[in-house]
Every structure is written in structure tokens, then in C-alpha cells.
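Engineer: Sequence below, structure please.
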Amino acid sequence: MILIVDLNCKRNSLGFYEFVLPIAAAVKTLDDWTAKHYLDINDEVLSQCDVIILSGTPLKDTATLNQPERFQWLKKTEKPVLGICAGMQTIGVVYGMTLTRRLEIGMTTVKALKENPLFPADFKAYSLHSFCVEPTADFEVWGKSDLCSQVIKHKGKQIYGTLFHPEVRNQEIIKKFLENQNNQK
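Structural biologist: Okay, the predicted model is just below:
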């Protein structure tokens, strides 16, 4: 079961339709999924899933970045996690990364920096964010745009982040993330 965590500041917001449902559309043929608002995440919810995807949010919705205590479970989980945009930024805050204001809207080229199972080479991606993260030594940078680190991976855990929105364009990255997890079982 795939758990999609809605990081929008309010439950049942317009952001749910814009950022959560496109992820669901990308994964629905691969596995069962459920979506829960981040305020509803607890040990019971986490125990019922195999994989976790953290959604993006609108540009001005930074609620989760001010609540790292709600996401300390990210440090404890052994489950694979993919953070998309605000999801990557939230992972960054939990792991002590520096957030830098950097507006990036529209198509950007992501340059592959390391061979990895998610994407083979440079590609175009859709970006919509106000912050970049500066990864700590616990993370590798797998892809960068001219402005920001765009893809990160924890060195010891199956925790990934994309600053761009693969649910909008590049859905194959989400699918490869899920397939990679299935191959490791």
C-alpha cells in the first residue's frame, strides 16, 4: 500500500486536488494507495503502508516547514519515502538542511550528477517552489538545475527527494521509485 501524505496546510484544500490527486493518478495502476493529511499521520497509519510519498503544496503554503516535530517519524522509518517539492523541503528541515529562498517556476533542466535507478540522464522537469535545500552530509545530490539541488537521496536509508514535480511531468520517476522498492523486497 502506498501512503500519499497531503502536506497542504488545511485538510480537503484545493491543494489536495492540485498536488495529491496527480500523484494518485501516477501510482494507481501500480498498487493500492491511500491519502492522509499530515495532521492524521501516526504510528498506526504508518504501519499500514509499504511506501510513503510526501506531496507538494502551493508556493506560499509552508506550514510543514515550521513543524519539524510532526515529521520526526522520518528519522525512524525504515520504509521508502519520496518527498516531492514541499516533501523534499520537509525532509530537509527534519534532517537539519538549510533552506534558501529561491523561486523557480516552469520548465528546468535537471542535470544528472550520479548514476541512479530513477533517471538515466539529464531531463526537463516542471518546477514550482520558493525554497531550495542545501543537503547535509547524510544525503547525496543526484540531480541539479542551474539554481538548486533537484534530486537527493539519503546515504543510509531509502529516503529520496525531488524538488521538481514528477507528478506533473516525468511520472516515470515515481514509477521507477516504486519499482525499485519492489525489487528490493
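
Engineer: List the buried residues of the longest strand anywhere in the chain.
Structural biologist: Longest strand of the chain, by residue count under DSSP state E: strand 98-112. Within strand 98-112, the residues scored as buried using 16 or more other C-beta atoms under 10 Å are 104, 108, 110, 112. (Each C-beta comes from the backbone N, C-alpha and C, glycine too.)

Engineer: Least confident of the residues you listed?
Structural biologist: In terms of pLDDT, the weakest of the buried residues of strand 98-112 is Glu104, which scores 92.

Engineer: Show me which residues of the biggest helix by length in the chain are buried.
Structural biologist: Scanning the chain for the helix with the most residues, using DSSP state H, yields helix 171-183. When burial is assessed from 16+ other C-beta under 10 Å, helix 171-183 yields the following buried residues: 171, 173-178, 181.

Engineer: And for stretch 133-153?
Structural biologist: Within stretch 133-153, judged by 16+ other C-beta under 10 Å, the buried ones are 133, 135, 139, 141-145, 148-153.

Engineer: how about low-confidence regions in this protein?
Structural biologist: For the chain, the stretches flagged by pLDDT under 70 are 182-185.

Engineer: returning to what we had before: would you mind getting the angle between the longest strand of the chain and helix 171-183?
Structural biologist: For strand 98-112 against helix 171-183, the angle by axes from the mean of the first three to the mean of the last three C-alpha atoms, to 10 degrees is 90 degrees.

Engineer: quick one: contacts of strand 98-112?
Structural biologist: 59, 65, 89, 92-93, 119-134, 142-148, 150-151, 163-164 (C-beta atoms under 8 Å, 6 or more residues apart in numbering).

Engineer: For whatever helix or strand comes next after it, name the packing helices and strands.
Structural biologist: Helices and strands here follow DSSP states H and E; after strand 98-112, the next one along the chain is strand 123-134. In terms of contacts (3 or more C-beta pairs under 8 Å, 6 or more residues apart in numbering; DSSP states H and E), strand 123-134 is packed against helix 86-94, strand 98-112, strand 149-154.

Engineer: Pipe the ones you listed into CSV and attach distance to Val5 per row.
Structural biologist: Formatted as CSV, the helices and strands packed on strand 123-134 follow (distance: least, C-beta to C-beta, whole Å):
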stretch, distance to Val5
helix 86-94, 7
strand 98-112, 19
strand 149-154, 17
